[in-house]
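>>> A predicted structure for the sequence below; I have some questions about it.
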There are 2 protein chains.
Amino acid sequence: MYSYPQLLELINEQIKSTQYGSNPKELYQPIDYMMSLGGKRLRPVLTLMACDLFETEVQHAIHAAMAVEVFHNFTLVHDDIMDNAPLRRGMETIYKKWNMPVAILSGDLMMIKAIEILAQTEKGNFKDLLQVFNTTAAQVCEGQQIDMNFEARNDVSHEEYIEMITLKTAVLLGCSLKLGALIGGANLEDANHLYEFGKNIGIAFQIQDDMLDSFGEGDQVGKRIGGDIASNKKTLLLIELMNCMQKDDKALLKELFVETDEEKKIKEVLALYQKYQIKDFAESKKQNYLTLANQHLNDISVSESRKEILLSTAKDLMERMS
Amino acid sequence: MYSYPQLLELINEQIKSTQYGSNPKELYQPIDYMMSLGGKRLRPVLTLMACDLFETEVQHAIHAAMAVEVFHNFTLVHDDIMDNAPLRRGMETIYKKWNMPVAILSGDLMMIKAIEILAQTEKGNFKDLLQVFNTTAAQVCEGQQIDMNFEARNDVSHEEYIEMITLKTAVLLGCSLKLGALIGGANLEDANHLYEFGKNIGIAFQIQDDMLDSFGEGDQVGKRIGGDIASNKKTLLLIELMNCMQKDDKALLKELFVETDEEKKIKEVLALYQKYQIKDFAESKKQNYLTLANQHLNDISVSESRKEILLSTAKDLMERMS
């Protein structure tokens, strides 16, 4: 079986050798730029890993892996326009480096290229692969819109929040694994268990990410502690706090939303989190999804030793984040 | 065989009965709105017509026809953002009626839905259909970017202009016909002749459209005569004028570009068009592409009587525009 670094190398080689086109350069240079920004390439690695799980040579899944990575980058290009984001992985976003029309069009083209690349897959039933891919792609768009809708709402439940992060980020992890499994020759039941494993791990990641912002150690994650609190971002923590606190604390939180002394704001919101045991709530939610993920992994009909790498990959990612 | 109005009715029924989704409504309402704005539905009608040409029941091509129409509308939604356009078919654009993020995301979702709908096609080799569709989709994006690039250039040749309109608008007519032909059971040679027929007709339409703005009769086309001239739009006419005129007229045209008296501007540019016989140039170009289109139609191996409807559809469209 292949290790994560080995699969990452295969993906990075494939990214380097993939030609999207050349004319007009205003469209193709941004695509090359975006695809070269790096990252841990989690999604395409998962696709290859899932194929490997069923003892099929991972090269058969390389196009599906690339399709997932190109699609993921397409969503980032368009999200950066909507978020007016200047930087991505420390580099200028396409939207800032070129302009808005170029970011819209090169994103559109990446979406088209993702399908074109997926269609190069020879193994598995292609219409099945395309259906998994398309369903997921539509869900990611839905998740992004629901996330934007939340900004204008103060009555989001934690169930709605979980639904949003499921659509916006978790289903693509499930999809990455399911595509690899189907190409690898898995039966539909196993492929679906793997999808659920990826989806539930994805939800747990996102909860972990929300927790890190408030309870993590700043320099370990390269992010300032309390950034989400400072910007009133509706994380799972804030949503649960808003739903469970007493009336007088509600008034206090409302004041804190417009507090200009950032240090004071972060300190007092953290005190509210402590008062209402928000960390325990989030930790228990996260554990629930990790348990679900493990149950689905257990149910897959391959030997436990072959599953180890998926478990350790998930563990490494959670630990690197905590 | 089916007539244009009969095929249009089939398309309109299909559009009415197609459900794209419902949640979140901020994404799906714009799609329903855009798809209900009407129009002559030329592209999907051509898909059904091409299927009919090869004596195959047109219902087999209804999903491909819808895919083409949804894709076309996706490009309009994103173009309207880039052009900052307030109106489309007399109604507010999605960008104006909702906002920019909604227009980006609902457009993205339409692109995904177009592929999903195409995948419902049962007849023909699906990977072949998808390849025609994807290649065309990428070309349409390229054409849009090249068109934007032209705005900043003063040295565009008429060959480059034709290449741009080919990518931006003509290939989608070719693609619409080719999909219908492949689903209808045509051999690749006939399908390609039909593609070339559509593409060349498309180029001729666009040249006709450019000519109408300067030489048409205002109320017949519902557009003000000289609108392109007033806005210095780089049409085939203006490009050819810039390439063939003498030095002193070049200076005059440069002044006219910034002339604020619109009536004077239009009158004097029209005088330059007359001096350099620009109308004859454009008319002859248009005829060349019509001739090419007809040659490809002739080469298709079905009876002449079955081809009549394609010829008369093209003729009707050219006449309605002149």
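Sure, I can see it. Residues are numbered from 1 along each chain as shown, chains lettered A, B, ... in the order given.
>>> return the distance of A:Lys40 relative to chain B.
25 Å (C-beta to the nearest C-beta, to the nearest Å). Every C-beta, even on glycine, is put in place using the N, C-alpha and C of the backbone.
>>> name the SS class of that residue, please.
coil (DSSP: H, G, I helix; E, B strand; the rest coil).
>>> ok, now which ones touch it?
A:Leu8 (C-beta atoms under 8 Å, 6 or more residues apart in numbering or on different chains).
>>> can you check the pLDDT for it?
pLDDT recorded at A:Lys40 is 91.
>>> give me the pLDDT for the most centrally placed residue in chain A.
Chain A has A:Thr169 as the residue nearest its centroid, 3.8 Å off, counting by C-alpha atoms, centre = their mean. pLDDT recorded at A:Thr169 is 96.
>>> the one 3 residues further on too?
pLDDT, A:Leu172: 98.
>>> which helix or strand contains A:Leu252?
Following DSSP states H and E, one finds A:Leu252 within helix A:247-257.
>>> mind giving me the packing neighbours of the helix or strand following that helix?
Of the helices and strands lying after helix A:247-257 in sequence (DSSP H and E), the nearest is helix A:262-275. Contacting helix A:262-275 under the criterion 3 or more C-beta pairs under 8 Å, 6 or more residues apart in numbering or on different chains; DSSP states H and E are the following elements: helix A:188-215, helix A:227-230, helix A:236-244, helix A:247-257.
>>> run through the neighbouring helices and strands of the last one.
Right, helix A:247-257. helix A:236-244, helix A:262-275.
>>> residue numbers of the stretch 1-150 of chain A in contact with chain B?
Residues of the stretch 1-150 of chain A lying close to chain B by C-beta under 8 Å from any C-beta of the partner chain are A:21, A:23-24, A:26-27, A:78, A:81-82, A:100-102, A:104-105, A:107-109, A:111-113, A:115-116, A:119, A:126-127, A:130-131, A:134, A:137-138, A:141-142, A:144-146, A:148-149.
>>> can we see that at 7 Å?
Within the stretch 1-150 of chain A, the positions near chain B by C-beta under 7 Å from any C-beta of the partner chain are A:23-24, A:26-27, A:78, A:81-82, A:101, A:104-105, A:108-109, A:111-112, A:115-116, A:119, A:126-127, A:130-131, A:134, A:137-138, A:141-142, A:144-146, A:148-149.
>>> weed out the non-buried ones from the residues you listed.
Buried members of the residues of the stretch 1-150 of chain A next to chain B, scored by 16 or more other C-beta atoms under 10 Å in any protein chain shown, are A:24, A:26-27, A:78, A:81-82, A:101, A:104-105, A:108-109, A:111-112, A:115-116, A:119, A:126, A:130, A:134, A:137-138, A:141-142, A:144-146, A:148-149.
>>> list the contacts of A:Asp83.
A:Asp83 makes contact with no residue, according to C-beta atoms under 7 Å, 6 or more residues apart in numbering or on different chains.
>>> quick revisit: in JSON lines, list the helices and strands packed on helix A:247-257 along with mean pLDDT and mean neighbour count.
Output for those, formatted as JSON lines (pLDDT from 0 to 100; neighbours: other C-beta atoms under 10 Å in any protein chain shown):
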{"stretch": "helix A:236-244", "mean pLDDT": "95", "mean neighbour count": "20"}
{"stretch": "helix A:262-275", "mean pLDDT": "95", "mean neighbour count": "16"}
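>>> so how far is chain B from the residue sitting furthest away from the middle of chain A?
Taking C-alpha atoms, centre = their mean, the residue of chain A most remote from its mean C-alpha position is A:Asp248, at 36.4 Å. A:Asp248 is 34 Å from chain B, where distance means C-beta to the nearest C-beta.
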